[in-house]
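Mind folding the following:
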Amino acid sequence: MKILQVSVIVVILDQITKALIRSYLSLYDSITVIPNFFHLTFVTNDGMAFGLNFPGGIYVFSTLSIFLTIFLFWFLWQEKDSHFLMRFSLSMILGGAIGNLIDRILFGEVVDFLDFMIGDFHWYIFNLADSSVTVGMSIFLYFSFFIQPKLQAKTAS
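From the prediction side, this is the model:
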């Protein structure tokens, strides 16, 4: 399936950017890219998205990530003949899931570095894999709620 190339590109870009951050910054170092808006800040996360964590969480999250990645492969295979946006969204989610899973398996934690703020509002620091999952999920939801019903109505007519 050619759509898996999207996942491969996401994983490669994610791992390259994380390797660069690990190589050129020390933990908690920050480089201002756009003052008071965007910084590159090296942090690690041994929990889940948005800093959620609990004792033994790394094992739970790693196990869940493995099962979810297998499920995403299966789901993408099931949707191999469906609309491009459906396959694209699943491939984006899969690539992000694999990118963070690699970190969890190799390092026991995920490297985060994209640091956005507006005034006093400071968003959680994240990475390209997180972005890929978020964009993929947004496309998936948009397709599921707005495009797929129209396509189904056309085929039912």
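
Which residue is the nearest non-sequential neighbour of residue 36?
Take residue 36 and drop its neighbours on the chain: the residue closest to it by Cβ to Cβ, 6 or more residues apart in numbering is residue 117, 6.6 Å away. Glycine gets a C-beta too; all of them are placed from N, C-alpha and C.

all strands of this structure, in order?
Along the chain, counting by DSSP state E, strands occupy 30-34, 38-45, 110-118, 121-122.

Can you redo those as JSON lines, where the extra columns are distance to residue 154 and mean neighbour count?
Output for the strands of the chain, formatted as JSON lines (distance: least, Cβ to Cβ, whole Å; neighbours: other Cβ atoms under 10 Å):
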{"stretch": "strand 30-34", "distance to residue 154": "45", "mean neighbour count": "12"}
{"stretch": "strand 38-45", "distance to residue 154": "42", "mean neighbour count": "19"}
{"stretch": "strand 110-118", "distance to residue 154": "39", "mean neighbour count": "20"}
{"stretch": "strand 121-122", "distance to residue 154": "43", "mean neighbour count": "9"}
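
Would you reformat the ones you listed as CSV and include mean pLDDT?
Formatted as CSV, the strands of the chain follow (pLDDT from 0 to 100):
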stretch, mean pLDDT
strand 30-34, 97
strand 38-45, 96
strand 110-118, 96
strand 121-122, 92
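
right, and those strands - which one's nearest residue 152?
With Cβ to Cβ, the closest approach to residue 152 among the strands of the chain belongs to strand 110-118: 36.9 Å.

Would you mind pulling up the elements that the closest one packs against?
With contacts taken as 3 or more Cβ pairs under 8 Å, 6 or more residues apart in numbering; DSSP states H and E, strand 110-118 sits against helix 4-24, strand 38-45, helix 84-107, helix 128-142.

Touching, residue 31 and residue 39? I think so.
Yes. Here residue 31 lies in contact with residue 39, judged by Cβ atoms under 8 Å, at a distance of 6.3 Å.

Low-confidence ranges, the chain, go.
Judged by pLDDT under 70, the chain has its weakly predicted residues at 48-57.

for residue 18, what are its contacts?
Counting by Cβ atoms under 8 Å, 6 or more residues apart in numbering, residue 18 touches 99, 103, 111, 113, 127, 128.

which one among those gets closest to residue 47?
Out of those, the member with the shortest distance to residue 47 (by Cβ to Cβ) is residue 103, at 12.3 Å.

distance of the closest one from residue 68?
The gap separating residue 103 from residue 68 is 15 Å, by Cβ to Cβ, to the nearest Å.
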